[in-house]
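Novice: Can you look at this prediction? I've put the sequence above it.
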Amino acid sequence: DALGTVKYWEILIYNHLYEKNQHPPLKFQGGTKFNQYEGAFVKEPIVGEHKWVCSLDLTSLYPSIIRQVNIGPETLIETESLPQELKLLLSDITPEKLITKEIDLSSLKKYDYSVSGNAKLYSKTKQSFLSELMEKFFKKRKEYKKQMIEYEKLFEQTHDPKYENLAIIYGVKQLAMKILINAAYGAVGNTYFQYYSIDNAEAVTVTGKVVIRWIERKLNSYIGKLLKDDSHDEFLNPNFGKFKDRIVYIDTDSVYISFDRLIQEKIEPFVKDSYQELYEYLNNFDNHMDMKREIISDKAVWTGKKRYFMNVYDKEGVRYEVPELKVMGIEVVKSSTPAICRDKLEQCLKIILREDNETLISYIENFRAEFYKLDAKYIAFPRSVNEISKFVNNKDLSVPMHVRAAINHNKLLQEHNLTKKYETILDGNKIKFV
């Protein structure tokens, strides 16, 4: 229980309500273990190289949605009790229609209701206890993160290890708060949680899709007008009229934009106004969408969803003397890649971002010659082996390489009566294979 999120958050909520002299509701009836609901939005990237890529990141997206929409078990309005005009309104709501503002939501103001992306209504007459707790821990995280960034800047300026240690301490503290508030959303969607609600869990994720795709549409339109794009650009996106799609990639709470105009002067004020418009349109409880510039990179490469690498010069206002390499999903950061190969791959990525093709080819050729001289234990792939019996007993299945190696190993031990001398490989064992 102590290592999970459910009991921990039930205790936090109980204590919070106790302090307010409120009695926690009786345990709600959970769903089945296999209840599923919509997840986050990840955009198919515009694959290839992009110059001067900047990311904008929504601060604590899911906790902020809980606060903005006022999501909570006691503020959720049952559809059966609604007047007919609101029932008709909800039946017409889809995320796509919200993103394009095709639906008139003005009637929500009359009833003082806030609407979520999955067409659920929440009362605005009082703040939900989930929203109150999000606000409490969010403020703590903001304080810790501010101190972390201040010490990071001081370390970059002075190289004094004292500031580096303080930056690490406050980094751990803000991360603890981040994990805590994000765990609340996970608990809400957990069938064993006292306040479990699939409607509330989906309200968070689907509203998250609306929020990030709302700004994708707005930014493409704004940048297109600003830069006077014509209708013949190569990355035309039919969702945005005649404008070029400048949003290279989206992953849940972040947008990556390829452009060389100043963000602080043009983009951030526009983002703020756009989210104010969304807040007013959805008639939410409060506006907590705070999207600020996160990264400045002069070059980035995407190879697929959640697979990219970037040359970062500035992160959240911390300017680096030597640019940092940010890697997501590439083999460099995967423990399944041999350590020596990870180091060499990381150097290859740096060459791709900072040097030329000739240097890259030369580096690869030199390592190729070194690679073939290395002992097998240094270049073997580490893997966990699972479901061996499944593949042994079903000849029609395509067998993964490492599982085939384990099956062959076990077979040879049996054929040569070596099972007492060497261990057979079982499900869950870790092996290395070439």
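Specialist: Received it, and whenever you're ready, just let me know what you need. Numbering: from 1, shown residues only.
Novice: Now do residue 352 against residue 334, distance only.
Specialist: From residue 352 over to residue 334 the distance is 18 Å, taken as C-beta to C-beta, to the nearest Å. Any C-beta I mention is one placed from the backbone N, CA and C, and that applies to glycine too.
Novice: out of the two, which sits in the busier spot?
Specialist: Taking other C-beta atoms under 10 Å, residue 352 and residue 334 do not tie; residue 352 has more neighbours (17 against 11).
Novice: Could you find the closest non-adjacent residue to the more buried one?
Specialist: For residue 352, ignoring the flanking residues on the chain, the nearest one in space by C-beta to C-beta, 6 or more residues apart in numbering is residue 360 at 6.2 Å.
Novice: helix or strand for the one you found, which one?
Specialist: Assessed by DSSP states H and E, residue 360 sits inside helix 357-371.
Novice: who's in contact with stretch 200-209?
Specialist: Contacts to stretch 200-209, defined as C-beta atoms under 8 Å, 6 or more residues apart in numbering, come from residues 37-41, 61-62, 65-66, 69, 71-73, 76, 95, 116-118, 120, 122, 185, 188-189, 252-253.
Novice: Strand partners (parallel or antiparallel) of the longest strand seen in the chain?
Specialist: Taking DSSP state E as the assignment, the strand of the chain that covers the most residues is strand 291-304. Paired neighbours of strand 291-304 in the sheet (DSSP bridges): strand 48-58 (antiparallel), strand 307-315 (antiparallel).
Novice: averaging pLDDT over each of those strands, which comes out lowest?
Specialist: Set side by side, the strands paired with strand 291-304 differ in mean pLDDT, and strand 48-58 is lowest with a mean of 83.
Novice: That one: what's the following helix or strand?
Specialist: Next along the chain after strand 48-58, taking DSSP H and E as the criterion, comes helix 61-69.
Novice: what's the following helix or strand after that next one?
Specialist: Using DSSP H and E, the helix or strand that follows helix 61-69 towards the C-terminus is helix 84-92.
Novice: looking only at pLDDT, what's the mean for that following helix?
Specialist: For helix 84-92, mean pLDDT rounds to 94.
Novice: so what does it touch, helix or strand wise?
Specialist: Secondary-structure packing of helix 84-92 (3 or more C-beta pairs under 8 Å, 6 or more residues apart in numbering; DSSP states H and E): helix 107-111.
Novice: Using PDB, write down the CA coordinates of the helix it packs on.
Specialist: C-alpha atoms of helix 107-111 as PDB (Å, rounded to 0.1, in the frame of the first residue of the first chain):
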ATOM      1  CA  SER A 107     -26.100  27.900 -21.600                       C
ATOM      2  CA  LEU A 108     -23.600  26.600 -19.100                       C
ATOM      3  CA  LYS A 109     -23.300  30.000 -17.600                       C
ATOM      4  CA  LYS A 110     -27.000  30.000 -16.700                       C
ATOM      5  CA  TYR A 111     -26.500  26.800 -14.600                       C
END
